[in-house]
Structures are given as structure tokens and as C-alpha cells.
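**Q** need the 3D shape of this:
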Amino acid sequence: MNKEIARGQNRSNSKVLFTGIVTVLVLSLLIWEHYHGGIASHHILQQQNLPAISNWWSGLSLPVLTWFLVGISEKRIGKQSSQGQQTRNLQIQALRLFVTGLGLGVLIATSFTNGYSAFLDNIPYIILVLSLIIPIFYAEFILEFITGMTYTFGAILPTVFIFLLALIGILTYRFIRPAIVMLTVKLKSGLHKSPSR
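**A** The predicted structure follows:
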């Protein structure tokens, strides 16, 4: 019972810590923008005739998303560890997803800023391949993907983008990936069977 209470306290401490760090970072970015030309706004789909979303919304949405997504991640890890999986391995997997999401978000933002259209044109394919390998719909990937793109796009547009991709990721990882694995296993077992005489 005491262990469960301690775990619950650790989880809430993690949520507070992560949310606090993200809040400080996003508010620092907004203050910096305010004193360097004003708070940026981003038009939906980069179309001037569509509404623009101010980066001020990032100051509200990113801390709320952090609180929500860190909570989801902690609950999933807690549930999986209670089912016998190694907590340490689950934390390492979460860290890998965290770093991968951040890296991809930063790559997309940097490519957009510098006009690397060759990379940007292939993002749907990269995401599709990535979703066959890792669960891009896990909370830690989603959170860091949004965080990695916030400086360039604000938090709202990346949030919409990654939630759409996460739906594709669920279908790919949960249904297409197992079918590919099963087919591969069948092909390998067929190749290893010695030919009948």
C-alpha cells in the first residue's frame, strides 16, 4: 500500500516538474518574441487567406498538453510494469520515444525554416516507416514532437498535425505491422524447410 502511495506521489511530482519546465520555457520564448518584433502568428496550411493562430496560445496549450501527456505516459508505464514488464526497460523505451519525437520535430522545423523541401516532401513516408518501427502514438513521442516544432510553428498547428499522424500510427503499428511480421515469419519458415524428395 505504501509503495502504491509513493508511486502516486512520484508520478504527480514528475508531472509538476515537466509541466513547470515546459511552462518556463514557453513563457520565456513568448517574452523573447514580444521584445524582438512581436509575438508571431502562423496561418493554417501557410495560406494567407486562412486564419492565423497566435503563439500566445502556446503559453496555455503546451503546459496543459504536458500535464495531460505526461500523466498518460506514467499511467501506461505503471500499468505495463504491474503486468510484469521491467520498469527500467519501459522508462528507457519512453526516453527513446521522447528523444525521437523531439529530434523529428526539430528536423521538420529546421528544414522548413531553411527551405529543405527534399526532406519536407518525404515527411509522410518517413512518418509511415517510423510508425512501423515505433509507436508514434505514445504520449512521450507526441509531446516532444510538438515541443520540437513550437519555436517555428507555435504549439497549436503541430498538435493538430501530430494527432492526425498518431491516428495513422495506431493503425500502422497495431494492424499493418503485425501482419508484416507474421508474413515475414511465414516466409522465413518456408525458406528454412528442406525440399521434400
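
**Q** next, count neighbours for G101.
**A** When counting by other Cβ atoms under 10 Å, one arrives at 26 neighbours for G101. Every C-beta, even on glycine, is put in place using the N, C-alpha and C of the backbone.

**Q** give me the buried positions along the host helix or strand of it.
**A** Assigned by DSSP states H and E, G101 falls within helix 87-114. Neighbour counts over helix 87-114 (16 or more other Cβ atoms under 10 Å) mark 90, 93-94, 97-98, 100-102, 104-109, 111-112 as buried.

**Q** and stretch 31-49, by the same measure?
**A** Neighbour-count burial for stretch 31-49, counted by 16+ other Cβ under 10 Å, picks out E33, I39, A40, H42.

**Q** on that earlier part again, packing partners for the helix holding G101?
**A** Of the remaining helices and strands, those touching helix 87-114 by 3 or more Cβ pairs under 8 Å, 6 or more residues apart in numbering; DSSP states H and E are helix 56-82, helix 117-121, helix 123-133, helix 139-153.

**Q** buried stuff in the longest one?
**A** In this case it means helix 56-82. So, applying 16+ other Cβ under 10 Å, buried residues of helix 56-82: 57-59, 61-63, 65-67, 69-71, 73-74, 76-78, 81.

**Q** tell me which other helices or strands it touches.
**A** Under the contact criterion of 3+ Cβ pairs under 8 Å, 6+ apart, the helices and strands touching helix 56-82 comprise helix 2-34, helix 87-114, helix 139-153, helix 156-171.

**Q** any chance of those helices in CSV, with mean pLDDT too?
**A** Below are these laid out as CSV (pLDDT from 0 to 100):
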stretch, mean pLDDT
helix 2-34, 78
helix 87-114, 91
helix 139-153, 92
helix 156-171, 91
